[in-house]
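Engineer: Below are the sequence and a predicted model for it; my questions follow.
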Amino acid sequence: MKKQLLSIGIIALTLISCKTTTKNELTLSGLNPKNFQKEVNQMPVNLYTLTNKAGMEVCITNFGGRIVSIMVPDKEGKMKDVVLGFDSIADYVNIPSDFGASIGRYANRIKDGRMVIDGKTIQLPQNNFGHCLHGGPKGWQYQVYEAKPINAHKLELIRNSPDGDENFPGNVVAKVTYTLTDDNAIDIKYEATTDKKTVINMTNHSYFNLSGNPELPITDNILYVNADKFTPVDSTYMTTGEILPVTNTPMDFTTPKPIGKDITDYSYPQIKNGNGYDHNWVLNTAGDIKQIAAKLSSPVSGITLEVYTDEPGIQVYTGNFLDGTVKGKKGIAYKQRTAVCLETQHYPDSPNKPEWPSTILEPGQTYHSHCIFKFSVEK
């Protein structure tokens, strides 16, 4: 009788856990989970599917903690996949990208790959115009997180990053928790602890195309950013240390406008330096996650995305470096500006700018960051 009860309990637990399919049963987005079942860096990789009562589906792989697909209804009730990505783990491993990734240790750039902690200069990898970008060439987007499915709506991913990982100090234990709510929101919570003073700045790097058709550019998408100021960059995409007003510039999204309206106005130095938009906006929200940080909507599908965060900044990147050479899901070539990223974060190069909000994490402290991607439809 005890064995029978134990078996029933195991079956019940399996049913409430987020789905890890071992057969060739396709996801709603058309992914074959078998193509994600592999060992990478001697750790098991899989595809995890979150669902909610509204019929929304989010597929995540623990390789890089990446969102692979997001299925949401459009204005006609048809389900559309609204993020870029690949059909197999092999492509994620073999084709360098940040598609959907949980970025760490440090999202965005650190100038010259150099920072000073307690008087000690630390040299990090220089993988982007002489700077350290997204934690270096072996950042967490290329590492395997330990996956802990909680239920049909929630997945925990844990990364044990050793002292000296890409030369960042401290043994860091980081956790990313994805929760799909019944009101069609992806709630992302980040935590991290360390045994040595270090820096942490995590984000999600999903490439959104709300039309559901990645062959269409996102230049017609209407964008609102709740920010009166931004941090300008030089020709190497590095922040200059200034914080400037967006008023009367192409950087002003305080009144919603199409992304493409000013994106080729190269007479404005910041558009030229960024090759479009690839900048950090200084949010007006003061860490209040109940205030909207940004809003994106597609006139084609009617799908709308609202972004909420307790972070002080958000990076808007308009897929400027996509050039059609990378083919993603369903063999579609990803061309320039076929997606937009909305990366909640501390400001780039904060370790070298003590006047900005700090990214320092001390032993005994816990790093927390919270982001919500909420989807709806405007008819």
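Structural biologist: Good, I have the coordinates. Numbering: from 1, shown residues only.
Engineer: Quickly find the element holding the residue most central in space within the chain.
Structural biologist: If you average the C-alpha coordinates of the chain and look for the closest C-alpha using C-alpha atoms, centre = their mean, you land on residue 204, 1.7 Å from that point. Here residue 204 sits within strand 203-205, counting by DSSP states H and E.
Engineer: what pairs with whichever helix or strand comes after that strand, and is each one parallel or antiparallel?
Structural biologist: Secondary structure here is assigned by DSSP H and E; on that basis, the next helix or strand after strand 203-205 toward the C-terminus is strand 222-225. Partner strands and pairing direction for strand 222-225 (DSSP bridges) are strand 257-258 (antiparallel), strand 292-297 (antiparallel).
Engineer: Wait, residue 310 touches residue 372, no?
Structural biologist: No: at 9.8 Å, residue 310 does not count as touching residue 372 under the criterion of C-beta atoms under 8 Å. All C-beta atoms are positioned from the backbone trio N, CA, C, and that covers glycine.
Engineer: Give the residues shared as contacts by these two.
Structural biologist: Applying C-beta atoms under 8 Å, 6 or more residues apart in numbering, one finds that residue 310 and residue 372 are jointly contacted by residue 289.
Engineer: And for residue 358, the neighbour number?
Structural biologist: Using other C-beta atoms under 10 Å, residue 358 has 12 neighbouring residues.
Engineer: go on, the one 4 residues further on?
Structural biologist: Residue 362 sits with 12 neighbouring residues when counted by other C-beta under 10 Å.
Engineer: residues touching the closest residue to it other than its chain neighbours, list them.
Structural biologist: Leaving aside its sequence neighbours, residue 362 sits nearest to residue 197 (C-beta to C-beta, 6 or more residues apart in numbering; 5.5 Å). With contacts taken as C-beta under 8 Å, 6+ apart, residue 197 has the following neighbours: 117, 118, 169, 170, 360, 361, 362, 363.
Engineer: Let's see if you can find the most crowded of the residues you listed.
Structural biologist: Neighbours were tallied for each of the contacts of residue 197 (criterion: other C-beta under 10 Å), and the maximum of 24 neighbours falls on residue 170.
Engineer: Name the helix or strand for that one, please.
Structural biologist: Once you assign secondary structure using DSSP H and E, residue 170 falls outside every helix and strand.
Engineer: Let me see the backbone angles for it.
Structural biologist: Main-chain dihedrals, residue 170, degrees, to the nearest 10: phi 90, psi 140.
Engineer: Just confirm it contacts residue 198, I think it does.
Structural biologist: Yes: at 3.9 Å, residue 170 counts as touching residue 198 under the criterion of C-beta under 8 Å.
Engineer: now the helices for the stretch 1-150 of the chain?
Structural biologist: The residue ranges that make up the helices of the stretch 1-150 of the chain, judged by DSSP state H, counting those that start in this stretch, are 2-16, 89-94.
Engineer: Pull the contacting residues for the nearest residue to residue 95 once chain neighbours are set aside.
Structural biologist: For residue 95, ignoring the flanking residues on the chain, the nearest one in space by C-beta to C-beta, 6+ apart is residue 326 at 6.0 Å. Applying C-beta under 8 Å, 6+ apart, one finds that residue 326 lies in contact with 95, 97, 333, 334.
Engineer: And for the second one, the neighbour number?
Structural biologist: The tally of other residues near residue 97 (other C-beta under 10 Å) stands at 21.
Engineer: Tell me the pLDDT of the nearest residue to it once chain neighbours are set aside.
Structural biologist: Among residues not flanking residue 97 along the chain, residue 326 sits closest, at 6.9 Å (C-beta to C-beta, 6+ apart). Confidence per residue is given as pLDDT, and for residue 326 that number is 97.
Engineer: what's the spacing between residue 326 and residue 170?
Structural biologist: Applying C-beta to C-beta, to the nearest Å, one obtains 34 Å for the distance of residue 326 from residue 170.
Engineer: quick one on the thing from earlier: and the strand holding residue 204, what does it pack against?
Structural biologist: Where contact means 3 or more C-beta pairs under 8 Å, 6 or more residues apart in numbering; DSSP states H and E, strand 203-205 is packed against strand 101-103, strand 341-345, strand 367-377.
Engineer: Tell me the buried residues within the contacts of residue 326.
Structural biologist: Neighbour counting by 16 or more other C-beta atoms under 10 Å classes 97, 334 among the contacts of residue 326 as buried.
Engineer: got the contacts of residue 326 as JSON lines, with distance to residue 215 columns?
Structural biologist: Rendered in JSON lines, the data for the contacts of residue 326 read as follows (distance: C-beta to C-beta, whole Å):
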{"residue": "95", "distance to residue 215": "19"}
{"residue": "97", "distance to residue 215": "18"}
{"residue": "333", "distance to residue 215": "8"}
{"residue": "334", "distance to residue 215": "9"}
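Engineer: farthest pair in the contacts of residue 326?
Structural biologist: For those, the maximum inter-member distance is 13.5 Å, found between 97 and 333 (C-beta to C-beta).
Engineer: for residue 182, what are its contacts?
Structural biologist: The contact partners of residue 182, taken as C-beta under 8 Å, 6+ apart, are 52, 53, 54, 153.
Engineer: Show me which pair in those is furthest apart.
Structural biologist: Spatial extent of the contacts of residue 182 (C-beta to C-beta) is set by the pair 54 and 153 at 11.3 Å.
Engineer: Compare these two (neighbour count), which wins?
Structural biologist: Remark: of residue 54 and residue 153, residue 153 carries more neighbours, 18 against 13, as counted by other C-beta under 10 Å.
Engineer: If anything else comes up later, I'll come back, but that's it for now.
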